[in-house]
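Chemist: Sharing a model that was predicted from the sequence below.
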Amino acid sequence: MAHEAQLFLRQLLTKPKQISAIAPSSPWLARAMAQGLGPHSGRVVEFGPGTGALTRAILAAGVPHENITLFEMNPEFVTHLRLAMPRVSVHHAPAQAAVGLVDMGVERVISGLPLLSMPPELRRAIVKAAFDILAPDGIYTQFTYGPNPPLSPEMVADLGLNVSKGPKIWANLPPARVYHFQRR
Ligand SMILES: C[S@@+](CC[C@H](N)C(=O)[O-])C[C@H]1O[C@@H](n2cnc3c(N)ncnc32)[C@H](O)[C@@H]1O
């Protein structure tokens, strides 16, 4: 874990815009993001796993390794994840390229991406990619440090989505709110 903290800090210092967080997600936030998942949840895709804080909570919830696919852009994190979780599938690719790399019908997309620090077009492309691979009743789960949902009401409406508020995790650094998005 000390090794992961060092790796995260090194990447934060070299690529601050890509990381956009002062620390990996806490176990409390990770558990809240994985809530509702279990051995029979079907396939789960994670966007922006970093050092794997959320991935470990997905595994701890009982999702089989074989049912988890990760999309991470940072090569150092990809190498770390492949060594730490060899049975989980790790794509060294941006989240917005998920369509075509993953079969449709995914039950849940868990995102640790810094959506708020991305331009609106990229934000939209990423959420659209998530819904292009999700099953009709699939859920996109995203945390944010901001006071509002990480997608504007206009973008939510335009993409034909509903948003619901999950828990606020005060013990996270900084405190974070979980949101769930689903098709209307
Ligand atoms: C805030 S860190 C979150 C790490 C981890 N999910 C957590 O909660 O501790 C954001 C991660 O998203 C990755 N990332 C940024 N843009 C991305 C994109 N378009 N596609 C995939 N990963 C991306 C970064 O490299 C970084 O690992």
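Modeler: All right, it came through fine.
Chemist: for the most centrally placed residue in the chain, phi and psi?
Modeler: Nearest to the geometric centre of the chain sits Ser111, at 1.6 Å (C-alpha atoms, centre = their mean). Main-chain dihedrals, Ser111, degrees, to the nearest 10: phi -120, psi 130.
Chemist: distance of it from the ligand?
Modeler: Using C-beta to the nearest ligand atom, to the nearest Å, Ser111 is found at 8 Å from the ligand. C-betas here are computed from N, CA, C, even on glycine.
Chemist: Tell me the bridge partners for that residue.
Modeler: Legend: beta-bridge partners of Ser111 under DSSP bridges are Phe47, Gln142.
Chemist: Give me the next element, helix or strand, following the lowest-mean-pLDDT helix or strand in the chain.
Modeler: Lowest mean confidence among the helices and strands of the chain (mean pLDDT, DSSP states H and E): helix 16-19, at a mean of 82. Heading C-terminal from helix 16-19, the first helix or strand you meet, by DSSP states H and E, is helix 27-33.
Chemist: Can you point out the buried residues in that next one?
Modeler: Leu29, Ala30, Arg31, Ala32, Met33 (16 or more other C-beta atoms under 10 Å).
Chemist: At the contact with the ligand, which residues of this structure appear?
Modeler: 18-21, 24-25, 47-50, 53-54, 71-74, 77, 94-96, 112-114 (C-beta under 6 Å from any ligand atom).
Chemist: By the neighbour-count criterion, which of those qualify as buried?
Modeler: Burial by neighbour count, 16+ other C-beta under 10 Å: within the residues of the chain next to the ligand this picks out 18-21, 24-25, 47-50, 53-54, 71-74, 77, 94-96, 112-114.
Chemist: ok, back up a step: does the residue nearest to the centre of the chain touch Ala95 like I think?
Modeler: Yes - judged on C-beta atoms under 8 Å, Ser111 makes contact with Ala95 at a distance of 7.2 Å.
Chemist: which residues do the two both contact?
Modeler: Phe47, Gly48, Ile126, Ala130 (C-beta atoms under 8 Å, 6 or more residues apart in numbering).
Chemist: for the buried residues of helix 27-33, which one is nearest Pro147?
Modeler: Checking the buried residues of helix 27-33 against Pro147 with C-beta to C-beta, the nearest one is Leu29 at 16.4 Å.
Chemist: Pro86: how many residues sit nearby?
Modeler: 9 (other C-beta atoms under 10 Å).
Chemist: go on, Ile68?
Modeler: When counting by other C-beta under 10 Å, one arrives at 22 neighbours for Ile68.
Chemist: Let me see the contact set for it.
Modeler: Arg43, Val44, Val45, Glu46, Thr55, Ile58, Leu59, Val88, Ser89.
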